[in-house]
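Q: Mind looking at a prediction? Sequence and model below.
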Amino acid sequence: MTKACMQTVLTHYLKQYRQHHRLSPAQSKVCHRIRICRTEVLGGQLVHCDHCGFEQHRYHSCRN
């Protein structure tokens, strides 16, 4: 079984959910922030290993 994270669930099902349910402005804001959490939208840093040359993007958290 594949693990689903909240970000994936919101990305796939929030639009359909909102067709039948109303979210408060605060709920909408949190859902939006979770969807963009740890993505290039919030920015981040490129981490570089001086020893082996490995590089990895570390994106900022939404804190929600």
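A: The structure has been received and is ready for your questions. Numbers count the residues shown, from 1 in each chain.

Q: Show me where this structure has its helices.
A: Taking DSSP state H as the test, the helices found in the chain are 6-20, 25-36.

Q: Take these and lay them out in CSV including mean pLDDT, mean neighbour count and distance to residue 52.
A: In short, each C-beta sits where N, CA and C put it, glycine included. Formatted as CSV, those follow (pLDDT from 0 to 100; neighbours: other C-beta atoms under 10 Å; distance: least, C-beta to C-beta, whole Å):
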stretch, mean pLDDT, mean neighbour count, distance to residue 52
helix 6-20, 94, 12, 30
helix 25-36, 94, 14, 31
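
Q: tell me the contacts of residue 6?
A: residue 34 (C-beta atoms under 8 Å, 6 or more residues apart in numbering).

Q: any idea how far residue 55 is from it?
A: Here residue 6 is placed at a distance of 27 Å from residue 55 (C-beta to C-beta, to the nearest Å).
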